[in-house]
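Colleague: Just a sequence and a predicted model for now, questions to come.
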Amino acid sequence: MNVALVGASPLLTALQKRLGGECVLAVERTTADHVAQVAELAVLDLPAGEAREFVRALGARNIRVLDLGPDLRMSQIPCALLDAEGKSIISMPSAPAVAAFLACAPLLWRNIMHGGRLAVMARCDDAAWVLEQAGFPPARMLTVPLPPQGLTAVVVGDVGNGDHDAAAIRRAFADAEEVRLCGPGMQPDLARVKGSATGEVSVRVDEISEFVVAACAIDEVSLLADAALGALRQMAAS
């Protein structure tokens, strides 16, 4: 596949290294015509408000687009983390929203955590979009943009109706390839995930307060760069 990267960010730099010779263009600014001359896919990481018109111009030239910025995180645009195959335009969530999703989605699927109302401690405003893209019903959500030190995201929800002992939690995360579940008494640590495409998650169920607390630490560049590469390959293969 031939990929053009447009923008300037550590994430694009990491993705360029992963693409190697498949990256045929890497610029901060360019035109849709320029991209169409050399590439079949484009990855954008532009300041807020600059992507939509450029995406429309690329689409008119049959260029498939993965947007890493905030402009296309909306209900009608598929989430790159979940649904890239056969899509012409997809949007990547912010890294904190990815961390929040990795922390709570396996718990929500197994009804260990109830999804009716959630408190998300993360520097993002797109966590609700990711959960809805995954098929979860809309939740009443409070977002607090200050996760505890050393963590990328923390999600707090009510205890669900499913089993919620340690064995049930391990089963919930057994198929989550992007996640390493911390052992008893351990907390996620950014130092341990540095340079990795795997996040660390801890889960605590408090029977007295009836809360579930899920914390996650990820390398915001490495994990998203790998996710972006995987999404591009799915787009190119279809």
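Modeller: Received, thanks.

Colleague: drop to CA atoms for contacts and neighbour counts, all remaining ones
Modeller: Will do.

Colleague: Pretty sure residue 42 sits against residue 63.
Modeller: Yes. Residue 42 is in contact with residue 63 according to Cα atoms under 8 Å; the separation is 6.8 Å.

Colleague: of the two, who's got more company?
Modeller: Using other Cα atoms under 10 Å as the criterion, residue 42 and residue 63 rank with residue 42 on top: 25 against 22.

Colleague: Spatially central residue for the protein, please.
Modeller: residue 98 (3.2 Å; Cα atoms, centre = their mean).

Colleague: host element of it?
Modeller: Taking DSSP states H and E as the criterion, residue 98 maps to helix 95-109.

Colleague: how near is the residue lying farthest from the centre of the chain to residue 223?
Modeller: The outermost residue of the chain, judged against the average C-alpha position, is residue 208 (32.0 Å), by Cα atoms, centre = their mean. According to Cα to Cα, to the nearest Å, residue 208 stands 35 Å off from residue 223.

Colleague: And residue 204, by the same measure?
Modeller: Using Cα to Cα, we find residue 204 at a distance of 24 Å from residue 223.

Colleague: again, but for residue 52
Modeller: Taken as Cα to Cα, the span from residue 52 to residue 223 is 25 Å.

Colleague: Which parts of this structure are helices?
Modeller: 10-19, 32-38, 51-60, 95-109, 127-133, 166-173, 190-193, 222-237 (DSSP state H).

Colleague: and those as JSON lines, adding distance to residue 159?
Modeller: As requested, the helices of the chain are arranged in JSON lines below (distance: least, Cα to Cα, whole Å):
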{"stretch": "helix 10-19", "distance to residue 159": "36"}
{"stretch": "helix 32-38", "distance to residue 159": "49"}
{"stretch": "helix 51-60", "distance to residue 159": "40"}
{"stretch": "helix 95-109", "distance to residue 159": "10"}
{"stretch": "helix 127-133", "distance to residue 159": "18"}
{"stretch": "helix 166-173", "distance to residue 159": "12"}
{"stretch": "helix 190-193", "distance to residue 159": "27"}
{"stretch": "helix 222-237", "distance to residue 159": "29"}
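
Colleague: out of those helices, which comes closest to residue 115?
Modeller: Between residue 115 and the helices of the chain, the tightest spacing by Cα to Cα is seen for helix 95-109, at 6.2 Å.

Colleague: and the closest one, which residues are buried?
Modeller: By neighbour count on 16 or more other Cα atoms under 10 Å, the buried set for helix 95-109 is 95-108.

Colleague: quick check: mean pLDDT across that helix?
Modeller: Per-residue pLDDT over helix 95-109 has a mean of 97.

Colleague: same question, stretch 139-148
Modeller: Mean predicted confidence for stretch 139-148 is 89.

Colleague: Can you check the distance spanned by that stretch, start to finish?
Modeller: First-to-last residue span, stretch 139-148, Cα to Cα: 23 Å.

Colleague: ok so, going back, between residue 204 and residue 223, who's got more neighbours?
Modeller: A count of neighbours by other Cα under 10 Å puts residue 223 above the other of residue 204 and residue 223, at 22 against 17.

Colleague: right, and the more buried one touches residue 196 too?
Modeller: Yes. At 6.4 Å, residue 223 counts as touching residue 196 under the criterion of Cα under 8 Å.

Colleague: ok, back up a step: residue 74 is nearest to which of the helices of the chain?
Modeller: Comparing these by Cα to Cα, helix 127-133 comes nearest, at 6.8 Å.
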